[in-house]
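Student: I would like the atomic coordinates for the input below:
(one chain, ligands or ions: 2)
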Amino acid sequence: MSRRRFLGGAGLAGAGVVVGGAAGFGIAEATRGGGSGDGQVPFHGARQAGITTPAQQRLVFGSFDVKTTDVEKLKVTLALWSAAASLMTQGKPVGPTETAPANPPVDTGEAVGLGPQDLTITVGFGPSLFDDRFGLAGKRPAALAPLPALPGDTLLDPSISGGDLCVQACSQDPQVAFHVVRNFARIGRGAVALRWMQEGFGRASSTSSDQQTPRNLFGFKDGTNNIKADADAERWVWVDDEADQPWMRGGSYLVSRKIRMTIETWDSDNLGDQERVFGRMKESGAPIGAQGEFDALDFGAKGDDGKPLIDLNAHVRLAHPDNNGGVQILRRSYNYTNGIDPRTGQLDAGLFFIAFQRDPHAQFVRLQTQLGHRDNLNEYIKHESSALFACPPGVQKVGDYWGKALFA
Ligand SMILES: C=CC1=C(C)c2cc3[nH]c(cc4nc(cc5[nH]c(cc1n2)c(C)c5CCC(=O)O)C(CCC(=O)O)=C4C)c(C)c3C=C
Ligand SMILES: [Fe+2]
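Tutor: Ligands and ions are numbered 1, 2, ... in the order given. Here you go, the predicted model:
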């Protein structure tokens, strides 16, 4: 298929995907809905949704390997995905669910009638996409160099790490989010294949001051000191005009870490120690020694015994910008459970940690190096998977596609 043909939409129609027309633009003013499922987050825009968008309740995250070595097929897949995403974020199927009885329906059907549910679909490119298969080696940004080995990485499982492409689907409804990854896999069959997938529930990071701070599976408020102001996002999340690779301007880098939490051990720990681990009070979320959740952390405060109120290896002390040269990240994590670990009979559950930033090496790596060495929390967690993706700027209009400037 020629470049002109697929950019003209012939490829989309040929693959059975209805190309989103001008209807996709009419929702620029759409509001985020309540419980009715009709909340829409605009898909088209200079920046991808699903990064600074207030975190929805549910996540389905898919990592894909590219199976073709034909760059045109890869581009067609990304164009098909972009057209399908425009439709799904409006609550529409990606094509007819009723076809001739002899043919499979184009849309798989499970999201019909559920509404858009604040769906956002965020796509990223892994470092491995920039090997010698697609002629992209010279276009890999310095910030997309693979993550170095970090303390605590010894238990990482390569089969659930990395990937050439990622899709982060977030929604208020789990089936709407699942529908995205399933249909992306279906649309891309022959060109891409799912490598690993992770579901998440109960957003475990507050990303907006309008949201009540949610709790992680250890029962602590998570996201209190997250990036919430636009100015901080400009400084720490979005790649700006000085980027070494122009195609990433307006994008962001996503780091994911599946972090198993040893819940049974945690549940037998006493409350005082649980609070010492984080440096915050469990119920209120306040820093130890303070009253309110949003009170400042005072790392110099000492108790009657002369010891620091916030332990020297407390998670919040080690992760705080004051102790990391000012560095911040935008956390957008979700709780997860994959049932019971058959080897131990214990809960297989934890935090699917997602962070967005403009430079993962200067930000995530710096934080995790310090946390991995000293964090009190390490006694109760295991990092099981790791991935890094460059999320390009947004798809601006119908006919454009994720990464168009990369392939230009
Ligand atoms: C490398 C970055 C981080 C990893 C990995 C990480 C794992 C992790 N965190 C919690 C729970 C909490 N984290 C909290 C704060 C916090 N965490 C990080 C970074 C990582 N966390 C940062 C930058 C911060 C903010 C520090 C600050 O500025 O004060 C908190 C406290 C509440 C809050 O501010 O969000 C909790 C609770 C878990 C359970 C976990 C791995 C499973
Ligand atoms: Fe944390």
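
Student: what pLDDT, on average, does the longest helix anywhere in the chain get?
Tutor: Identified as the longest helix of the chain according to DSSP state H is helix 71-88. Looking at helix 71-88 alone, the average pLDDT works out to 98.

Student: Use 804 as the first number from now on
Tutor: From this message on, residue numbering opens at 804, which makes the last subject helix 874-891.

Student: Just the buried positions in the next helix or strand after it, please.
Tutor: The C-terminal neighbour of helix 874-891 among helices and strands, as given by DSSP states H and E, is strand 923-928. Taking 16 or more other CB atoms under 10 Å as the neighbour-count basis, strand 923-928 is seen to contain the buried residues 923, 924, 925, 926, 927, 928. Heads up, the C-betas are built off the backbone N, CA and C, glycines and all.

Student: Who are the contact partners of the residue lying closest to the last one once chain neighbours are set aside?
Tutor: Going back to what we said before, that points to residue 928. Taking CB to CB, 6 or more residues apart in numbering, and ignoring the residues beside it in sequence, residue 928 has residue 1193 as its nearest neighbour in space, at 4.9 Å. Residues in contact with residue 1193 (CB atoms under 8 Å, 6 or more residues apart in numbering) are 927, 928, 929, 944, 946, 947, 1051, 1054, 1056, 1057.

Student: Count the residues that sit near residue 1210.
Tutor: 18 (other CB atoms under 10 Å).

Student: Now for it: which residues touch it?
Tutor: Shown in contact with residue 1210 (CB under 8 Å, 6+ apart): 874, 878.

Student: Kindly recompute the last result at 6 Å.
Tutor: Counting by CB atoms under 6 Å, 6 or more residues apart in numbering, residue 1210 touches residue 878.

Student: pretty sure residue 881 contacts residue 1208?
Tutor: No: counting by CB atoms under 6 Å, residue 1208 is not a contact partner of residue 881; they are 11.7 Å apart.

Student: Tell me which of these two has more neighbours.
Tutor: Set side by side, residue 881 and residue 1208 show unequal neighbour counts under other CB under 10 Å, the larger going to residue 881 at 25 against 17.

Student: Strands of the chain, residue ranges please.
Tutor: Taking DSSP state E as the criterion, the chain carries its strands at 861-869, 923-928, 968-974, 995-1006, 1055-1064, 1133-1134, 1137-1143, 1150-1160, 1184-1194.

Student: With distance to ligand 1 and mean pLDDT added, can I get these in JSON lines?
Tutor: Output for the strands of the chain, formatted as JSON lines (distance: least, CB to the nearest ligand atom, whole Å; pLDDT from 0 to 100):
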{"stretch": "strand 861-869", "distance to ligand 1": "15", "mean pLDDT": "98"}
{"stretch": "strand 923-928", "distance to ligand 1": "18", "mean pLDDT": "98"}
{"stretch": "strand 968-974", "distance to ligand 1": "17", "mean pLDDT": "98"}
{"stretch": "strand 995-1006", "distance to ligand 1": "12", "mean pLDDT": "95"}
{"stretch": "strand 1055-1064", "distance to ligand 1": "4", "mean pLDDT": "98"}
{"stretch": "strand 1133-1134", "distance to ligand 1": "6", "mean pLDDT": "98"}
{"stretch": "strand 1137-1143", "distance to ligand 1": "9", "mean pLDDT": "97"}
{"stretch": "strand 1150-1160", "distance to ligand 1": "4", "mean pLDDT": "98"}
{"stretch": "strand 1184-1194", "distance to ligand 1": "5", "mean pLDDT": "98"}
